[in-house]
Structure formats: C-alpha cells, structure tokens
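S.K.: Return atomic coordinates for the entry below.
(one chain, ligands or ions: 1)
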Amino acid sequence: MDSPKPKSGPKRPGPKAEPPSGDEPLLEAGDVEHLSALQLCDLISATLRLRGGHPWEIRLLRDRVEEMEVLQDQARQAVEDLTEAVEKLRAPALRLATFIQKLGKDRAMICVGGTDYLASLDPQLPEAGLEPGTRVLINEAFAVTASFGLDKSGPVVRVSELLSDGRLRIGQESGTGDSVVLRSPSIDAAGLKPGMEVRLDANQRVAVELVGRGRRIDRTLSSDQPLLWSSIGGQDEAVKAIRECIELPTLHADLFKRFRHSVPKGFLLHGPPGCGKTLLGKATAHNLRIQLRNATGVDRPEFFLHVKGPEILNMWLGESERQVRDLFAQCREKASGGQLAFLFIDEAESILGTRHAPRGGSNILSTLVPMFCTEMDGLEALQNVVVILASNRADLIDPAILRPGRIDRKIRVRRPDKAAARAIYAIYLTDDLPLDGGRESLIDAISELHFSRTESNRFLEVLYRSGRREFLYRGDLASGAIIAAIVERAKSYAILRSIADGKESPLGLEDLRRAFETEYRENDLFPPSDITEDWLKLTDLETSNVIRLAPYREKSTGEAVASAII
Ligand code: ADP
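M.R.: Sure thing, here's the model as predicted:
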C-alpha cells in the first residue's frame, strides 16, 4: 500500500515529528527545527552518506523538494506583487487645493472644494512657488506637500470693480449677485480695468489670469432709426398679432391684471428668410415706445439688441452660455435704466434647437436651452425685457422654450402674395422718385410681372414621391428682401443711364424688369447649388413628400425641361 502523500505548503509549525523509537535517529530533533525542507534533505543525505548508505531516491526527493521550493518562492512573490497593486488601487487620491495665503512659518490657509482649511506646510517645500491661487497637493493629513503653479483652467468672469486693497469685485451675470475675490500677484493691477475678464482658480477664490476684454455682443439699433408699421408691407396679419400680444398688455396692463389674462414675455416670428421678421421686431420696439409715450406722456427710448444665433455659438465650453447670460444682463441693465429693452435673436433654432437640430453641437444645445429657460423665467412679463425669437425653422426650436410663460406666442410671417408684393413695391417706389409713367401703373405692372405664371417665370421644379412634377414660379419665392433689392437695382440702372445720357433718366418698367431677372438669378437669398435640402428650406413644401427640388432650367432647344431632374 502507498504511503499517504506528504502535503506541500508553507512552512508551518504543525504537529512535531518525533523520531521513531527503537531505531537510532539520523538527526537530533532539536537540530532540524529551523531547517527548510531542502536543507533537511541535504542533511539527511550527508548523514546517510557518512553512515555508508545513500539510497538514490534521496537524490530524487531532493530534486522534487527543490522544485517545490522554487515554485513556492514564485507564488509568494506573485501574491506580494498583487497585494501591493491592490493596495495602490484602493488608496485614496491625494487632493489638490488652492493656496490662499501663508500664515506664520509653517502654516497656510488653503481651500478645498469651496471650504477653507488651515494646513501645515511641508518644510521642504520651496516658499517661492507658493502664492495666492497656486494649485497645491495635500496629503491625507491635509499637509501641503507639493506645488504645481497656477491652475490652467477655471471660470472666466468680468471684473466690475477694483477694490483699494487689491481684491476684485466680480459680476455674476446670471444676476445672482456679485462676489469678491483675491488677485494673484501674476495679474498686474495697473493693467486691470473694470469690464475686463479674468480667470478664477478652480475653487473660485483667486483671480489668476487676465483673459482680456470680454467680447460683448453689443449690436443695438440706435433710436434714431424709427421704424413705423407703415414701412412694412403686406404683413398686416403678423402686425395685428404682434400688437395684440405686446402693445395691448402694455397699454392696458390693469385690464389684463383684472381679468388675470396671461401676458407673454415675448414671441416667436417664424417664416421664410427676407420676409420682414427683423423688420417686424424693430418696428415692435419703436411702435411700443410711441404708443407708451402717447398714452402716458413718458418717453422710454427703445433698446433693441439684435443678435444672430450662430454668433452666440462658441467653441469654448461655457462661453455660449456666458454670452446668453450677458445678453439678458445687458437688457436688464437698460430696462432698469428706464428703457424699453428688446432682445431679438435671429436664426434662433441654431442655439435653441432641439437636440436633433442639424446645426450646432448637441452638447452646447443641451446646456443652452435650460439656461435660456432659466433666464426667461427670471423675467417679469413685459415689465422689463421683451424677447423676440426669429426663425425659418420653428419646428426645430425646443418645445421647452415655447411653453406658456416663456415664448408662447408664435406669429407667422408669410411670403408676400401678389397684393402684399404690390404693397411692398409701393413702399420702395415712393412718389418722390423720378419714375417713368405713373407710379401706380408701374407698381401694378411690376407686381403683375413678378407673379405671372409664364414660362420665363418658372423657377423651381418639384418632383414628388408620388411621381408628380410641379413648377414653382418666381412669385412663389417672392420676399420683401428681394423686392427691395429689385427696386434698388432698378434705381442703379436709372442712375447709370442718367450719367451716360448726361441728363436725368427716370426709372421705368424696363429697369424693373431687368432688375427682376437679375435678382432671381443672383440674389444670395437663394442657394447657389442644386441641393434639394437647401431649396426646401425656402418653401412650405412638406419635406417628406418631395424627392427633388431644384432650379428649373430651360434646355437650349427651347423645350423646357428641368435639367436637374433626369
Ligand atoms: P428676415 O428677418 O425675415 O430674414 P428682414 O426683416 O431682415 O427679413 O428683411 C430684410 C430686408 O428686406 C429688410 O431690411 C427690408 O428692406 C426688406 N423687407 C423684408 N420684408 C419686408 C416687408 N414686408 N416690407 C418691406 N420691406 C421688407
């Protein structure tokens, strides 16, 4: 029968092996206590050799024992390495803090996560690298052990005041109040002025870098450009809706209050480009001023802040948000100074779009929309600031913006039909101009020409999913902008002719006709390509029904075909 295999394993005391009684022991028990298995083998081997008997199996046993000891050593080493790695992984990260100021010989005030601590300084740490705003490493005992110089990132804020003791007062544009911060010695006080932008350390306690003068979007309509409703043609419906939405609640505030009727904080103008959205916005501001002056005798000049959505978009994280806060802050400032403040955001879908909006980074959009809502919620309806959004893709604007209490009035600005176009021609072909033939007949003739559904007026060809083809005519893509451009161009023809003839040559139908042809060919309101999506944006066509929409071109054979659709 096989004897049971001896268990291998770490050296441990275990039950002590007693020398068998009777036989003469090879070794004394006391001698072997401290020996390893290998040493024991060697000792047994030597003793047996001395006694003249040395079975070869002893050699075999020694080799096995040696192998096991090597394996055991390797395993022990692996366990030690792993234990060390696990300990490293489980060790808490050392924290970083902002150095605020040195106190005494080996103490300092530091700030961690917005809380101040009195910490010990490692005496080895060179004092030169420690100045307010420096990023320092602290160990588990909150002692400062290393310094990393000034932090490279942190919020940018605008300085509103330089205090006499060197500290800075900084403005919180969100309107949550100002705060005071220290100034790092790296910022030269002499070069610092209110209005400049500085970067704070990550704990927002010390201004550590001068970033420059803040880019403030400041594009305002000066109040000497009054725009009356009468300078906008063919938008009677939109004008009526705006007046009901803005003028009535302002002029009859008591009645609205009495009936607890909700008063909007602004409205959305939506419609194709060049049809007067901006014009309507500006006219709203000016006419409200006039109405208020007539009703109350108090003149409150309008402040019209006009920005395009894409101007606000900025590659720097947080910068776009800052711009939006700043726009609201500018308007609030003006309103508190007694002005009628209007914030007009053109191409609003670019910054206030749903996350599916094609333009703009979705990350920016996802933070801009809630921020804009917060700013809107902070406004009191018509008390200080009126917000007007303009877009030709209102479907892309985030519904959160259009909720009641924010911008809940949507006003459609339509393309002019023939009658509206006539009204717009009448605005630009004024009776004080040198006109050939009667003004009225000139206006009639050009409006007729603009909207006639003739071969030469075919402008776009549409191919529907159903297989149906259709033409859109120039009149279908008429806009106030193009009418204004046609009249301007016609005027330039008349001027050039007058110069060439050496005498005044009045503006006639031929000038208008030529200008009309050229504008539809060259006006930059129209996309320069044949890309269907670009053209679709200019029409009211249901996107999903259209396969192709492209400029219509006559073939040289005279047979009209849409070259784009083959
Ligand atoms: P939108 O903001 O809808 O793109 P704008 O209001 O900027 O269009 O219009 C551009 C220009 O076109 C205006 O400055 C004006 O000269 C002219 N225009 C547009 N619509 C009208 C209109 N309904 N009546 C008179 N002029 C118009």
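
S.K.: contacts and neighbour counts: CA atoms only from here.
M.R.: Fine.

S.K.: Surely Ala550 and Val462 touch.
M.R.: Yes. Between Ala550 and Val462 there is a contact at 6.9 Å, judged by Cα atoms under 8 Å.

S.K.: just the helices in the stretch 1-150 of the chain please.
M.R.: For the stretch 1-150 of the chain, the helices defined by DSSP state H, counting those that start in this stretch occupy 29-32, 37-50, 56-90.

S.K.: Partner strands of whichever helix or strand Glu461 is part of, with direction?
M.R.: Assessed by DSSP states H and E, Glu461 sits inside strand 458-464. Sheet partners assigned to strand 458-464 using DSSP bridges are listed as strand 469-473 (antiparallel), strand 546-551 (antiparallel).

S.K.: which of those strands sits most buried?
M.R.: strand 546-551 (a mean of 21; mean count of other Cα atoms under 10 Å).

S.K.: Let me see the residues that make contact with it.
M.R.: 459-465, 530-533, 535-536, 562, 564-565 (Cα atoms under 8 Å, 6 or more residues apart in numbering).

S.K.: make it 10 Å
M.R.: Defining contact as Cα atoms under 10 Å, 6 or more residues apart in numbering, one finds that strand 546-551 is touched by 458-472, 526-536, 539, 541, 562-565.

S.K.: could I get that strand in CSV with only the CA atoms?
M.R.: Provided in CSV are the C-alpha atoms of strand 546-551 (Å, rounded to 0.1, in the frame of the first residue of the first chain):
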residue,chain,number,x,y,z
VAL,A,546,-40.6,65.8,-52.0
ILE,A,547,-37.9,63.7,-53.7
ARG,A,548,-36.2,66.5,-55.5
LEU,A,549,-36.4,70.3,-55.7
ALA,A,550,-34.0,72.1,-57.9
PRO,A,551,-33.8,75.2,-60.1
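
S.K.: so is Ser540 in a helix, a strand, or just coil?
M.R.: Not Ser; residue 540 is Asp. Under DSSP: H, G, I helix; E, B strand; the rest coil, Asp540 falls in the coil class.

S.K.: count of residues packed around it?
M.R.: For Asp540, the neighbour count with other Cα atoms under 10 Å is 12.

S.K.: Quick check: it vs Cys41, distance?
M.R.: 98 Å (Cα to Cα, to the nearest Å).

S.K.: now swap in Pro132 and tell me
M.R.: Taken as Cα to Cα, the span from Pro132 to Cys41 is 69 Å.

S.K.: And for Leu389?
M.R.: Computed as Cα to Cα, the Leu389 to Cys41 distance reads 94 Å.

S.K.: Please identify which of these two sits among more neighbours.
M.R.: Leu389 (28 against 19).

S.K.: And Arg465, its phi and psi?
M.R.: As for Arg465, its main-chain torsions (degrees, to the nearest 10) stand at phi -60, psi -30.

S.K.: Show the contacting residues for it.
M.R.: Counting by Cα under 10 Å, 6+ apart, Arg465 touches Ser544, Asn545, Val546, Ile547, Arg548.

S.K.: repeat that for 6 Å
M.R.: By Cα atoms under 6 Å, 6 or more residues apart in numbering, the contact set of Arg465 is Asn545, Val546, Ile547.

S.K.: Now render those as JSON lines, adding pLDDT.
M.R.: Formatted as JSON lines, the contacts of Arg465 follow (pLDDT from 0 to 100):
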{"residue": "Asn545", "pLDDT": "86"}
{"residue": "Val546", "pLDDT": "87"}
{"residue": "Ile547", "pLDDT": "88"}
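
S.K.: can you map out the strands along the stretch 301-450 of the chain?
M.R.: 302-308, 340-346, 385-391, 409-412 (DSSP state E, counting those that start in this stretch).

S.K.: Rebuild those as JSON lines, extending it with distance to Ile110 and mean pLDDT.
M.R.: What follows is the strands of the stretch 301-450 of the chain, written out as JSON lines (distance: least, Cα to Cα, whole Å; pLDDT from 0 to 100):
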{"stretch": "strand 302-308", "distance to Ile110": "43", "mean pLDDT": "89"}
{"stretch": "strand 340-346", "distance to Ile110": "43", "mean pLDDT": "92"}
{"stretch": "strand 385-391", "distance to Ile110": "42", "mean pLDDT": "93"}
{"stretch": "strand 409-412", "distance to Ile110": "52", "mean pLDDT": "93"}
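
S.K.: and those strands as CSV, adding distance to Leu137?
M.R.: CSV is the format used below for the strands of the stretch 301-450 of the chain (distance: least, Cα to Cα, whole Å):
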stretch, distance to Leu137
strand 302-308, 44
strand 340-346, 46
strand 385-391, 47
strand 409-412, 54
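
S.K.: how about the ones you listed in a markdown table, adding distance to the ligand?
M.R.: Formatted as a markdown table, the strands of the stretch 301-450 of the chain follow (distance: least, Cα to the nearest ligand atom, whole Å):
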| stretch | distance to the ligand |
| --- | --- |
| strand 302-308 | 10 |
| strand 340-346 | 7 |
| strand 385-391 | 7 |
| strand 409-412 | 11 |
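
S.K.: ok, which residues in the stretch 301-450 of the chain are in contact with the ligand?
M.R.: Ile424 (Cα under 6 Å from any ligand atom).

S.K.: Low-confidence stretches in the stretch 301-450 of the chain?
M.R.: 314-318, 355-366, 381-382, 384 (pLDDT under 70).

S.K.: residue in it nearest to the ligand?
M.R.: Ile424 (5.1 Å; Cα to the nearest ligand atom).

S.K.: surely that residue meets Gly233?
M.R.: Yes. Using Cα atoms under 6 Å, Ile424 makes contact with Gly233 at a distance of 4.5 Å.

S.K.: and the strand holding Glu461, C-alpha only, in PDB?
M.R.: In PDB, the C-alpha atoms belonging to strand 458-464 read as follows (Å, rounded to 0.1, in the frame of the first residue of the first chain):
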ATOM      1  CA  ARG A 458     -40.600  79.100 -63.800                       C
ATOM      2  CA  PHE A 459     -38.100  79.000 -61.100                       C
ATOM      3  CA  LEU A 460     -38.100  75.600 -59.400                       C
ATOM      4  CA  GLU A 461     -39.200  72.100 -60.400                       C
ATOM      5  CA  VAL A 462     -40.500  69.800 -57.800                       C
ATOM      6  CA  LEU A 463     -40.600  66.000 -58.000                       C
ATOM      7  CA  TYR A 464     -43.000  64.400 -55.500                       C
END
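
S.K.: looking at the chain, which helix or strand is least sure?
M.R.: Within the chain, no helix or strand scores below strand 220-221, which has a mean of 50 by mean pLDDT, DSSP states H and E.

S.K.: any idea which helix or strand comes after that one?
M.R.: helix 236-242.

S.K.: Just the buried positions in that following helix, please.
M.R.: Within helix 236-242, the residues scored as buried using 16 or more other Cα atoms under 10 Å are Ala238, Val239, Ala241, Ile242.
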